[in-house]
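1. how would this look folded up:
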Amino acid sequence: MTGEPARRPLAAAAARRTLGAEQRVRGALRELDRQGVGVTFASVAGRARVSRAFLYQHAALREEIEALRGAQAAAPATLPVRHRASDASLRARLRAALDDSQRQREEVARLREELALAHGRVRELELDRRVRRT
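-> Residues are numbered from 1 along each chain as shown. Below you'll find the predicted structure:
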């Protein structure tokens, strides 16, 4: 029983270290989420200065990481402002697409007309051939 009092300070120190690590992990999760950085066990472990094994061993932390990772995967990706297209460029691209679509509709109408004329010519030729046989 003489070893029991000596273990108490060690256990208390270990509990403090674990509590501090858990707090760093939760802080890292908030920071990664706020910054929009992908949440992985490696990124959380690096940011919180803990091992990945620590994260896997603590079920509550593991669940928080997996939940945040799932939420990020479900959310649409947002581009930084410098990579987004401006309104003017989007309008120009839309106008070009609409113009192209109009040209294609006109070409399809012209090709249908030519096809109808070709079918008519084929029918005339077939009719002439039938008439000549008789």
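
2. show me how the protein divides into domains.
-> According to automatic domain parsing, the chain comprises the domains 1-76, 85-134.

3. okay, these in a markdown table with mean neighbour count and mean pLDDT next?
-> Where you see a C-beta, it was placed from the backbone N, CA and C, and this is true even at glycine. Below are these laid out as a markdown table (neighbours: other C-beta atoms under 10 Å; pLDDT from 0 to 100):
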| stretch | mean neighbour count | mean pLDDT |
| --- | --- | --- |
| domain 1-76 | 13 | 88 |
| domain 85-134 | 10 | 94 |
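
4. before we move on, which element is residue 44 in?
-> Assigning secondary structure by DSSP states H and E places residue 44 in helix 41-48.

5. my bad, should have said residue 127
-> helix 87-133.

6. so residue 15 versus residue 30, what's the distance?
-> As for residue 15, its distance to residue 30 is 23 Å (criterion: C-beta to C-beta, to the nearest Å).

7. before we move on, what about residue 134?
-> 92 Å.

8. likewise for residue 127?
-> 82 Å.

9. work out the gap between the helix or strand in which residue 62 is found and the centre of the chain.
-> Assigned by DSSP H and E, residue 62 falls within helix 59-74. Computed by C-alpha atoms, centre = their mean, to the nearest Å, the chain-centroid distance of helix 59-74 equals 16 Å.

10. packing partners for it?
-> For helix 59-74, the packing partners by 3 or more C-beta pairs under 8 Å, 6 or more residues apart in numbering; DSSP states H and E come out as helix 3-35, helix 52-57.

11. and those helices as CSV, adding distance to residue 102?
-> Listed next are the helices and strands packed on helix 59-74 as CSV, based on distance: least, C-beta to C-beta, whole Å:
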stretch, distance to residue 102
helix 3-35, 45
helix 52-57, 57
